[in-house]
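Visitor: dropping the sequence and predicted coords here.
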Amino acid sequence: QKEVEQNSGPLSVPEGAIASLNCTYSDRGSQSFFWYRQYSGKSPELIMFIYSNGDKEDGRFTAQLNKASQYVSLLIRDSQPSDSATYLCAVKAGNQFYFGTGTSLTVIP
Amino acid sequence: DTGVSQNPRHKITKRGQNVTFRCDPISEHNRLYWYRQTLGQGPEFLTYFQNEAQLEKSRLLSDRFSAERPKGSFSTLEIQRTEQGDSAMYLCASSLPDGRGNTIYFGEGSWLTVV
């Protein structure tokens, strides 16, 4: 069973702060790692992906991957109220994508 | 490019009835996935097609569920003899052929309520 674990939260941060979201996975053969954002009642939308150890930055978002620790994280800088959503971590192993249960983030104005 | 399209967006059905959802993937995507998501959970894999071939199917998928992709384009997911536990959002996603950076893009989902 391939597992993806996330802290369900809720995580609350003030506007302008850095939000840090974490994810661990069980399958060492996992190849690629993704972060999706899901607003209430909507479908997941891709934020970014990472497949090499280290950091990858895209605007206010930074994904961090540590394959030795089987750990992936997402940092959101200068958090905005519009960032309030559930963030899903997904892991690709073989041809399948496995999702965590998501972390609920609230950015307080 | 209109993205992944799903319909109907919402379906309310009585227990025991059959329902069918349709998914039209992004045009150049040859891989198509079906997921199910309930409140507070992440998407749960149901099945996956590459072109018209159904390559993987979740062990959790009961015999009441069947999916097809007859011409390698759109796909249908049918649920027979629906049960209240089938109430969920059914998500379709598509992707390009394999590659580390290739990801799946979701449609807007089809909400099923079984009463």
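Guide: That came through, no problem.

Visitor: residue A:3 reaches residue A:30, doesn't it?
Guide: No: look at residue A:3 against residue A:30 with C-beta atoms under 8 Å: they stay out of range, at 10.7 Å. For every residue, glycine as well, the C-beta is placed using N, CA and C.

Visitor: show me what the strand ranked longest in chain A is in contact with.
Guide: Ranked by number of residues, the top strand in chain A under DSSP state E is strand A:85-93. Residues from elsewhere that reach strand A:85-93 (C-beta atoms under 8 Å, 6 or more residues apart in numbering or on different chains): A:2, A:4, A:6, A:21, A:23, A:25, A:27, A:29-40, A:44, A:47, A:72, A:74, A:97-100, A:102-105, B:42-43, B:100, B:103.

Visitor: check which residues of the helix-or-strand element of chain A with minimal mean pLDDT are buried.
Guide: Least confident helix or strand of chain A, by mean pLDDT, DSSP states H and E, is strand A:96-99 with a mean of 90. Residues of strand A:96-99 classed as buried: A:97, A:98, A:99 (neighbour count, 16 or more other C-beta atoms under 10 Å in any protein chain shown).

Visitor: packing partners for that strand?
Guide: Here strand A:96-99 touches strand A:85-93, strand B:44-50, going by 3 or more C-beta pairs under 8 Å, 6 or more residues apart in numbering or on different chains; DSSP states H and E.

Visitor: how far does the shortest one sit from its chain's centre?
Guide: If I follow you right, that is strand B:44-50. Using C-alpha atoms, centre = their mean, to the nearest Å, the distance from the centre of strand B:44-50 to the centre of the chain it belongs to is 7 Å.

Visitor: repeat for the longest one
Guide: When C-alpha coordinates are averaged (C-alpha atoms, centre = their mean), strand A:85-93 and its chain have centres 6 Å apart.

Visitor: which parts of it are buried?
Guide: Quick answer for strand A:85-93 (16+ other C-beta under 10 Å): A:85, A:86, A:87, A:88, A:89, A:90, A:91, A:92, A:93.

Visitor: residue B:81: what's it in contact with?
Guide: By C-beta under 8 Å, 6+ apart, the contact set of residue B:81 is B:16, B:17, B:18, B:64.

Visitor: could you pull up phi and psi at it?
Guide: phi 50, psi 60 (degrees, to the nearest 10).

Visitor: next one: residue B:83
Guide: phi -120, psi 160.

Visitor: surely it is in contact with residue B:15?
Guide: Yes: counting by C-beta under 8 Å, residue B:83 does reach residue B:15; the two are 6.2 Å apart.

Visitor: tell me, what's touching these two both at once?
Guide: The contact lists of residue B:83 and residue B:15 share residue B:114, where a contact means C-beta under 8 Å, 6+ apart.
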